[in-house]
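> Test case, fold it:
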Amino acid sequence: MAAGVLPGGRSVSLFSVYSYAKLGARYPSRGGAAEFLIRCFGDGLIAGGLNVFQFLGWIIAMALYASGFSGYVLHLVGGTDNEWVGKAVGVGLVLVLMGVNVIGSKLVGRSELLVVGVELVIIVGFVVAASLKAEPDRFTGQGGGDGFLGVLFAAGLLYVTYEGFGVVTNSAGDMARPRKQLPRSMYQALAIVMLVYVVVAAMLVMVMPLHQIDADAGHVLAEAGRSVLGETGFIIISVAALLATASGVNATLYGDANLAFTVAKEGELPADFARGIWRSGTWGLIGAGVLTCAFVVFFPLSSVGQMASLAFLIVYGMVSAGHLRVHRETGAHPAILIVAVLLNLALFALLLYYSITSSPASTWITLIAVLVLSFAAEAGYRRITGRHLRISQASLDAEAAVTDG
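Predicted coordinates for the structure are as follows:
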């Protein structure tokens, strides 16, 4: 099933990237999807509730990455299987990266560039080494599994691994020519990720038996490194996995602060959030970090993985649905947007079904509770303060520049 999960997740992501790229090119903003929802649905409960839910979805995604990081740390050192030690490691990672983000965005950008460079070198090295020991006949083996539905379920579960394309749109407001640069960067990024997934997954299948891949699911890439290069390969790939998961928390924490800043400025979150890392304060950053730590502590890796994927399927599906209302302004083809909505809906329904039938009830109940509370919080905040969502002047200026250009 590990080798077959890619097509479903890729196809849904491709259609969603199309929607986001068109919206980002037309409405460049540091708020990304937060502003897209306002553009698509206007000043109302739908946009407000989804913005709160999206913020919390990113929190859950960071908890997923932090839990993955702790799992690799424990597997690498081989010291203990105590889940609370793992949770402490995950919380520690979040706290460290909060400090990095407080220091400044320039440090965030430099560290991300360095990490991505190291990861690419390690991945290329693994692929080259694995190709020398690959056994193509393994593709014809009988892997068992849950059949076609299992493949679709895994595709929905892995959807969270593509959520980074949504964060890319947060940089549109800083681009000189977002109409050209944003779509190109998003499509190129997705193509690279798809290529890496396909090649690495193929190498995994050709160097490890399927039963071992299934048994080592939580750290299968590190075990593949051991199969190819021995203990040295295991350590190198484990380090790459640690860098990747830490980078995921770092980049998403930075993007979450962007979202918190934008929606606060437009009347969505409490005003203190607007003084996040951008205004010498840290309340938005601290709030995101504390909530992330809570999910790390109270939920296992499998649960946060399912919740994160479900959350992003909802958000990206709703963005595409709302995009249909403004497709004439963005130049998007409505048929493609409809396909994006249907694919997101189908994968969400399937993943929710599997979560209800195969996972602890706390997983899907918590996700539904987060969704309901997001809209309840939005409705209550509107009633108490009377504030409304609005488009920032900076975004309007950027939009005018795109239109004039």
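> rest of the way, CA atoms for contacts and neighbours
Will do.
> Downstream of the helix or strand that contains V249, the next helix or strand is which one?
Secondary structure here is read from DSSP states H and E; on that basis V249 sits in helix 220-265. Sequence-wise, the next helix or strand downstream of helix 220-265 (DSSP H and E) is helix 283-298.
> Pull that next one out as CSV, backbone CA atoms only.
The C-alpha trace of helix 283-298 is given here as CSV (Å, rounded to 0.1, in the frame of the first residue of the first chain):
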residue,chain,number,x,y,z
TRP,A,283,1.5,36.5,21.5
GLY,A,284,0.5,35.0,18.2
LEU,A,285,3.7,32.8,18.1
ILE,A,286,3.3,31.7,21.8
GLY,A,287,-0.4,30.9,21.2
ALA,A,288,0.4,28.7,18.2
GLY,A,289,3.3,27.0,20.1
VAL,A,290,1.2,26.2,23.2
LEU,A,291,-1.6,24.8,21.2
THR,A,292,0.8,22.6,19.2
CYS,A,293,2.4,21.3,22.4
ALA,A,294,-1.1,20.4,23.7
PHE,A,295,-1.8,18.2,20.6
VAL,A,296,1.6,16.6,20.9
VAL,A,297,0.9,15.7,24.5
PHE,A,298,-2.7,14.5,24.2
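> Now the element after that helix, going C-ward?
Sequence-wise, the next helix or strand downstream of helix 283-298 (DSSP H and E) is helix 301-323.
> low pLDDT regions in the stretch 1-150 of the chain?
Low-confidence segments of the stretch 1-150 of the chain, defined by pLDDT under 70, span residues 1-11, 79-81, 104-111, 138-150.
> on that earlier part again, for the helix holding V249, which helices and strands make contact with it?
Based on contacts counted as 3 or more C-alpha pairs under 8 Å, 6 or more residues apart in numbering; DSSP states H and E, the elements that helix 220-265 packs against are helix 33-41, helix 45-77, helix 83-103, helix 105-133, helix 164-168, helix 178-207, helix 283-298.
> again, only this time at 10 Å
Counting contacts by 3 or more C-alpha pairs under 10 Å, 6 or more residues apart in numbering; DSSP states H and E, helix 220-265 is packed against helix 33-41, helix 45-77, helix 83-103, helix 105-133, helix 164-168, helix 178-207, helix 210-215, helix 283-298.
> now the angle from it to helix 83-103?
Between the axes of helix 220-265 and helix 83-103, defined by axes from the mean of the first three to the mean of the last three C-alpha atoms, to 10 degrees, the angle is 50 degrees.
> How far off centre is helix 220-265?
12 Å (C-alpha atoms, centre = their mean, to the nearest Å).
> quick one: which of the helices and strands packed on helix 220-265 is nearest S227?
Smallest distance to S227 across the helices and strands packed on helix 220-265 (C-alpha to C-alpha): 7.0 Å, for helix 178-207.
> still on that earlier bit, got the helices and strands packed on helix 220-265 as a markdown table, with mean neighbour count and distance to A222 columns?
A markdown table is the format used below for the helices and strands packed on helix 220-265 (neighbours: other C-alpha atoms under 10 Å; distance: least, C-alpha to C-alpha, whole Å):
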| stretch | mean neighbour count | distance to A222 |
| --- | --- | --- |
| helix 33-41 | 24 | 34 |
| helix 45-77 | 24 | 9 |
| helix 83-103 | 18 | 18 |
| helix 105-133 | 15 | 10 |
| helix 164-168 | 19 | 23 |
| helix 178-207 | 18 | 10 |
| helix 210-215 | 16 | 11 |
| helix 283-298 | 20 | 22 |
